[in-house]
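> the following comprises the amino acid sequence and a computationally predicted model.
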Amino acid sequence: MRSVLLGAPGSGKGTQAGIISEKLGISHIASGDLFREAASRGDDVGNQAKTYMEKGLLVPDEITIRMILERIGAPDCTKGFILDGFPRTLEQAKALDIAMAEKGEAIDLVLYIKVGTEELVRRLSGRFICQSCQTPYHIVSSPSKVEGKCDKCDGELYQRADDVPDTVRKRIDVYLDKTTPLIDYYSEAGKLIEINGEGEIDGIGESLIKALS
Ligand code: AMP
């Protein structure tokens, strides 16, 4: 199963991709996590990506496409993968299709998690993430048991620099402008399934797994 999870920042892609990858035993590939890891290593890709990420802008296609195509070529992806946060532009989607077709493969399914804009801003502005295992929490709707500590691994919780209100709005604008055309792109290819992303995490997870199986 080679699939894509499509949705706005704050739609719950990361959480759901984690659940799916665990349940189906496929690799979870999150472009944002790869960029953040590269930035903390301080390598070339990371340094270039950082300037865009801080402003809530997309990292240029050339850099992003190269990084993801390399990642999905790794041995752990042969059994399948779920892409989270990639593609985010039509150019990225087309490059992915071409690269996969060259290997005689294709994206099987695209799951689109739909969430309204007000809800996205609310979720992102109160989001805290575990430094160690990336589990997300929300200051109001899903706080950790001990303030500032992850329930799962006791790691420190932090607020992403791009989860501050101005940058959140910018990221949502960029999503509406650059990423929403992918809904039509994959729908016309007969690969899109839309899931309502405003319910309970477990219920949404079940709908996604059902769609994939
Ligand atoms: P995310 O963790 O998915 O919210 O991504 C955080 C940031 O990483 C985004 O705001 C972009 O700056 C960058 N990024 C992640 N994925 C992509 C992508 N597919 N194309 C361009 N930039 C990306």
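Alright, I've got the coordinates.
> where do the helices sit along this structure?
Secondary structure of the chain, counting by DSSP state H: helices at 13-24, 31-41, 44-55, 61-72, 90-102, 117-125, 165-174, 181-188, 201-212.
> please work out which of those helices is packed deepest.
For the helices of the chain, the largest average neighbour count (mean count of other C-beta atoms under 10 Å) is found in helix 13-24, namely a mean of 19. In this view, the C-beta of every residue, glycine as well, is placed from N, C-alpha and C.
> the ligand is nearest to which of the helices of the chain?
Closest to the ligand of the helices of the chain, according to C-beta to the nearest ligand atom: helix 31-41, at 2.0 Å.
> what does the chain put close to the ligand?
By C-beta under 6 Å from any ligand atom, the residues of the chain that approach the ligand are 9, 31-32, 35, 52-53, 56-59, 64, 85-88, 92, 162, 171.
> cutoff 8 Å now
Within the chain, the positions adjacent to the ligand are 9, 13-14, 30-36, 49, 52-53, 55-61, 64, 68, 84-89, 92, 160, 162, 171, 174 by C-beta under 8 Å from any ligand atom.
> dihedrals phi and psi, G126?
Backbone geometry at G126, expressed as degrees, to the nearest 10, gives phi -110, psi 20.
> not counting sequence-adjacent ones, nearest residue to it?
Once flanking residues are discounted, G126 sits nearest to I139: 4.1 Å by C-beta to C-beta, 6 or more residues apart in numbering.
> kindly provide the distance from the one you found to F128.
I139 sits at a distance of 7 Å from F128 (criterion: C-beta to C-beta, to the nearest Å).
> also A189?
With distances taken as C-beta to C-beta, A189 is found 37 Å from F128.
> ok, these two, which is more surrounded?
For A189 and F128, the more surrounded residue by other C-beta atoms under 10 Å is F128, and the numbers stand at 22 against 13.
> for that one, give me its contacts.
P136, Y137, H138, I139, S144, L157, Y158, Q159 (C-beta atoms under 8 Å, 6 or more residues apart in numbering).
> who wins on neighbours among those?
Counting neighbours by other C-beta under 10 Å, L157 leads the contacts of F128 with 22 neighbours.
> doesn't V146 make contact with that one?
No - counting by C-beta atoms under 8 Å, L157 does not reach V146; the two are 9.5 Å apart.
> quick one: the residue of the chain positioned farthest from its centre from the ligand, how far?
Ranking residues of the chain by C-alpha distance from their mean position (C-alpha atoms, centre = their mean) puts V146 at the top, at 26.5 Å. As judged by C-beta to the nearest ligand atom, to the nearest Å, V146 and the ligand stand 25 Å apart.
> tell me the pLDDT of that residue.
The confidence metric pLDDT takes the value 96 at V146.
> can you check T135 too?
With respect to pLDDT, T135 scores 88.
> which residues does it contact?
Contact analysis of T135 by C-beta under 8 Å, 6+ apart lists I129, C150, D151, K152, C153.
> list buried residues within those residues.
Among the contacts of T135, those buried by neighbour count (16 or more other C-beta atoms under 10 Å) are I129, C150.
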